[in-house]
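Peer 1: Here's a sequence, model it:
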Amino acid sequence: MSIIKNALGIGAVVLGVGLVVLLLSGSFSGKPTASDSFTPVAPVFTPAAEFIVDRGIGATDAPVTLEVWTDFQCPICGIWANGSEPFLYEKYIKGGKLRIEHHFFAFLGEESFTAAVGAVCAEKQGKFWAYHSYLFANQNGENEGGFSAPRLRILAGAAGLDLTQWDSCITDPTIRADVETESAAARAAGVTGTPTLKLGDWMQAGIPAEADLYKRIDDALKP
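Peer 2: Numbering: from 1, shown residues only. Okay, the predicted model is just below:
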């Protein structure tokens, strides 16, 4: 049984109960300490560079685009990123049929916001998906320090980012504001939990059954 099917037994989605109270970006310290040092788990899935454009994987002219909103702390998003996306990558993306575009919906807490800010900083260095993959491979509870500032910096190093640029970027309040704005826009568009998937007029929270998702993509591919 695929990981997509297994995800159904976990539940449809982590429901949102409201946007997180905005906190000061200046609280983020980019320097690791000995007590926060750890060895990151290697990513389960990182797409090949030839398929990566910005926050998307797949050709920009692919006939079908699947939009996905995630929170980096969301455990079901971890199942999506580590299990569902690799299946879609092999079945559709490598053949030029599908593009997946990632969006932020940071709503589970402060570590959701700081992880998303880190992902933007990775994107600025052309390493969004490398960092994205490290984040989802190293989830460790919600707001319990798994995505603390020092750990995020260690993950950035593991993903191959220039840490001098990282230290400057991660404390930029304009990036934090952009993540907050994107998350608020997602809620206004009807996103209430993660992951949320959108293909054409269809939009659903949670991970759908494998057969249902494949059928929707196949139907969209029909002339």
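Peer 1: After the worst-scoring helix or strand of the chain on mean pLDDT, which helix or strand is next?
Peer 2: None of the helices or strands of the chain scores lower by mean pLDDT, DSSP states H and E than strand 14-15, at a mean of 33. For strand 14-15, the succeeding helix or strand toward the C-terminus, using DSSP states H and E, is strand 52-53.
Peer 1: Can you pull out the residues in contact with that following strand?
Peer 2: 60, 128-129 (C-beta atoms under 8 Å, 6 or more residues apart in numbering). The way it works is simple: take the backbone N, C-alpha and C, and place the C-beta from them, glycine included.
Peer 1: quick one: which of those residues is most hemmed in?
Peer 2: With neighbours defined as other C-beta atoms under 10 Å, the most crowded of the contacts of strand 52-53 is W129; it has 26 neighbours.
Peer 1: per-residue pLDDT, the residue lying closest to that one once chain neighbours are set aside?
Peer 2: Nearest non-adjacent residue to W129, counting by C-beta to C-beta, 6 or more residues apart in numbering: I52, 5.3 Å away. Looking at I52, its pLDDT reads 94.
Peer 1: and what of the one 4 residues further on?
Peer 2: Looking at G56, its pLDDT reads 94.
Peer 1: what about the residue nearest to W129, neighbour count?
Peer 2: I52 has 17 neighbours, counted by other C-beta under 10 Å.
Peer 1: The residue lying closest to W202 once chain neighbours are set aside: what's it in contact with?
Peer 2: In space, and not counting its chain neighbours, W202 is closest to R216: 6.2 Å by C-beta to C-beta, 6+ apart. Neighbour list for R216: 199, 202, 208 [criterion: C-beta under 8 Å, 6+ apart].
Peer 1: Please convert the residues you listed to TSV, extending it with secondary structure, neighbour count and pLDDT.
Peer 2: Shown next, in TSV, are the contacts of R216 (DSSP: H, G, I helix; E, B strand; the rest coil; neighbours: other C-beta atoms under 10 Å; pLDDT from 0 to 100):
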residue	secondary structure	neighbour count	pLDDT
L199	strand	18	97
W202	strand	14	96
P208	coil	19	94
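Peer 1: Which single one of the residues you listed is nearest to K222?
Peer 2: Distance to K222, by C-beta to C-beta, is smallest for L199 among those, at 13.4 Å.
Peer 1: Which of the helices or strands spans the spatially closest residue to the closest one that is not a sequence neighbour?
Peer 2: In space, and not counting its chain neighbours, L199 is closest to L66: 5.1 Å by C-beta to C-beta, 6+ apart. Element membership of L66 [criterion: DSSP H and E] is strand 64-70.
Peer 1: Which helix or which strand is home to T181?
Peer 2: Element membership for T181 (DSSP H and E) is helix 173-188.
Peer 1: What's the mean pLDDT across that helix?
Peer 2: Averaged across helix 173-188, pLDDT comes to 95.
Peer 1: and the helix or strand following it, what does it pack onto?
Peer 2: Following helix 173-188 in sequence order, the next helix or strand is strand 193-194 (DSSP H and E). Applying 3 or more C-beta pairs under 8 Å, 6 or more residues apart in numbering; DSSP states H and E, we find strand 193-194 packed against strand 14-15.
Peer 1: partners of the strand holding L66 in the sheet?
Peer 2: Strand pairing for strand 64-70, determined by DSSP bridges: strand 98-104 (parallel), strand 196-199 (antiparallel).
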